[in-house]
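A.B. asks: here is my input, please return the structure:
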Amino acid sequence: MLKKFFSYYRPYKWLFTLDFTSAIIVAVLELAFPIIVQRVIDTILPTEEWGTIIWVSIGLLSIYVINTVLQFIVTYYGHRLGTNIETDMRQDLYKHIQKQSFKYFDNRETGKLITRLTSDLFEIAEVAHHGPEDIFITIFTLLGAFGLMLTIHVRLAVMTFLLVPLIALALAFFNKKMTQVNNQIYDDLAGFSAGIEASVGGIRVVQAFANEDYEDNRFKILNESYKKSKYLFYKMMGISSSYNYLLMRLISLFALFFGAYYTIQGEISYGDFVSFILFANVFVRPIERVNIMIESYPKGIAGFRRFQEEINQDPEIQDSPNAVAVESLAGNITYKDVTFSYEEHNPILDHINLTIQAGETIAFVGPSGAGKTTICNLLPRFYEIDSGSIEVDGHNIHDITVQSLREQIGVVQQDVFLFPGTIKENILYGDLNATDEQVRMAVKLANLEDVVASMPNGLNTVIGERGVKLSGGQKQRLSIARMFLKNPPILILDEATSALDTETEQAIQEALDSLSEGRTTLIIAHRLATIKNADRIAVVTKNGIEEKGTHDDLIAHNGAYKRLYDAQFAQ
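C.D. replies: All right, here's what the predicted structure looks like:
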């Protein structure tokens, strides 16, 4: 884990060197003050040379000015180092999450993923900044101060040092406990965030069912759980800091008591006594720093462990070693003996075989849950098949890079997802480099011109979260415009008109017919009236693809399709 953690320092070697070197110099100069005080008391004061005292004071002032500059460097550039590392980790995690399959997202709540990307990594910046320098400076200052204390009086130094092992044992114990508590805090925070995301995202449903009190109580349970974990953390922190405070004050008391004794005995001078007291204060300072570390570090360690857990999960969908990028595809598709299951030993598709010619429109119909959408989702490798193969233009899809394969396939879904922003920005998602003229042409082809003209700012109208300011039909046309801009050779239409009124459906069906022209098109449909003109229709049931043929052929066959057709048009 440490090896992986420190690998994030490589791009910022100069920043780390600047921060670390400055921190060391600050620590060294801190040790100079007690030495100078001892010299002033024992050597300079008896001579009563005021001019020398002035020059010594100027020298000390110079040290303080240098330390002030170095403290700024440590604080500012050190935190820049930590922030850079935190940012790189967050970028790596986001990139990693984007590579995951649909199955990965099926089993995770959005709020928990957001927590992994935000809260889990906040404390890592502090650990990345202070971690190496705190550990080094703590050890250096302890040993440096102890070494200089030995030069004054060995027995006095040893007596003062005796309490340090007790502090070290306490630190190890409390650090372990607080790391465990922080893991629980992060788990509770993830559930907390997921609860917020679900209740706020579904606020319209909550209000429609007047279930505000229920959601309020549900949130209260999450909130209380998070609060109790925080209480436990601060309880451990309070015990730790109180225990260490007592031991540190005992160190100062030991130094004062035994130092006074040896001074009275004449074994050390007054200057040595004052110097020893100052060294004792320097000695306990890194221990006070450790108290701060023990609050921050367990959070950072717990966050990084969770980061590691996530980043070590290899994406299910990956390019094979010999995968090649394809520039263009004609759209000949073959499913060969394909088996797939969402859960082990429960296949949704069992040995499916299907051939689709380039430019052909094939519609999939059948009862819900039979596997229509699954068949289509396997083509762009949104999920990985269990066995068999899928080929496009003779290439096994595993031998094509995932990105280039998906660039050749367009998907228009029933539940259209639109990003916050403007109409134009959402259309441009089909081709981020498209010109204004291409955008206007896509708007025209999708029958979206009247909608854009009616908007207060035309294409630059902000549509709100998930396009909340648009109707269902307007959203669907916008998604079709986006697909015109992408211009893929293979098209998947997943019940793209099933939730619309008849008039809107007709307008959108015309846009879809225009979009499908010249492309290999896979249509998933419940409303059979929309697919009567498909080149072929495949009836998907729990037994697999039960029938294939044109509308007229399947009606004449008097099988599963005829039963579906009669059920819809019986009246």
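A.B. asks: hey, let's count contacts and neighbours off CA atoms from now on
C.D. replies: Will do.
A.B. asks: looking at this, Lys548 is in a helix?
C.D. replies: No. Counting by DSSP: H, G, I helix; E, B strand; the rest coil, Lys548 is not found in a helix; it is strand.
A.B. asks: surely it meets Ile537?
C.D. replies: Yes. Counting by Cα atoms under 8 Å, Lys548 does reach Ile537; the two are 5.6 Å apart.
A.B. asks: OK, contacts around Glu327?
C.D. replies: Ser404 (Cα atoms under 8 Å, 6 or more residues apart in numbering).
A.B. asks: so it lies in a strand, does it not?
C.D. replies: No. Per three-state DSSP, Glu327 lies outside any strand segment and is coil.
A.B. asks: the more surrounded of Lys548 and Ile537?
C.D. replies: Taking neighbours as other Cα atoms under 10 Å, Lys548 and Ile537 compare with Ile537 leading, 26 against 18.
A.B. asks: so the closest residue to that one other than its chain neighbours, which of the three states?
C.D. replies: Leaving aside its chain neighbours, Ile537 sits nearest to Ala363 (4.7 Å; criterion: Cα to Cα, 6 or more residues apart in numbering). Classification of Ala363 by three-state DSSP places it in strand.
A.B. asks: wait, Ala363 sits on Ala538?
C.D. replies: Yes. Contact criterion Cα under 8 Å: Ala363 and Ala538 qualify, at 6.0 Å.
A.B. asks: where does the stretch 201-350 of the chain dip in pLDDT?
C.D. replies: Scanning the stretch 201-350 of the chain for pLDDT under 70 picks out 201-209, 241, 287-297.
A.B. asks: before we move on, back to that, which residues are in contact with the residue nearest to Ile537?
C.D. replies: So Ala363 contacts 522-525, 531, 534, 536-538 (Cα under 8 Å, 6+ apart).
A.B. asks: what does the pLDDT read for it?
C.D. replies: Ala363 carries a pLDDT value of 89.
A.B. asks: ok, Gln571 next?
C.D. replies: Gln571 is assigned a predicted lDDT (pLDDT) of 50.
A.B. asks: and if you look at Glu465?
C.D. replies: 69.
A.B. asks: ok, what's across the strand from the spatially closest residue to Gly421 that is not a sequence neighbour?
C.D. replies: Excluding its sequence neighbours, the residue lying closest to Gly421 (Cα to Cα, 6+ apart) is Val462, at 5.2 Å. Beta-bridge partners for Val462, by DSSP bridges, are Thr422.
A.B. asks: just checking, Val462 touches Glu425?
C.D. replies: No. Applying Cα under 8 Å as the test, Val462 and Glu425 come out as separate, 9.3 Å apart.
A.B. asks: how close does the residue nearest to Gly421 get to Ala442?
C.D. replies: Using Cα to Cα, to the nearest Å, we find Val462 at a distance of 19 Å from Ala442.
A.B. asks: give me the most central residue, the chain.
C.D. replies: Leu117 (2.5 Å; Cα atoms, centre = their mean).
A.B. asks: follow-up on the earlier one: export the contacts of Ala363 to TSV and tack on pLDDT and distance to Tyr261?
C.D. replies: Formatted as TSV, the contacts of Ala363 follow (pLDDT from 0 to 100; distance: Cα to Cα, whole Å):
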residue	pLDDT	distance to Tyr261
Leu522	90	93
Ile523	88	94
Ile524	88	92
Ala525	81	94
Ile531	79	101
Ala534	82	102
Arg536	90	103
Ile537	89	101
Ala538	90	99
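A.B. asks: same list (these) but as TSV, adding secondary structure and distance to Ala330.
C.D. replies: Formatted as TSV, those follow (DSSP: H, G, I helix; E, B strand; the rest coil; distance: Cα to Cα, whole Å):
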residue	secondary structure	distance to Ala330
Leu522	strand	14
Ile523	strand	18
Ile524	strand	21
Ala525	coil	24
Ile531	helix	22
Ala534	coil	19
Arg536	strand	18
Ile537	strand	21
Ala538	strand	21
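A.B. asks: which one of the residues you listed has the most neighbours?
C.D. replies: Ile523 (28 neighbours).
A.B. asks: list the buried residues in the helix or strand Gln38 falls within.
C.D. replies: Assigned by DSSP states H and E, Gln38 belongs to helix 13-39. By 16 or more other Cα atoms under 10 Å, the buried positions in helix 13-39 come out as 15-16, 19-24, 26-28, 30-31, 33-38.
A.B. asks: that's all I had, so thanks and see you.
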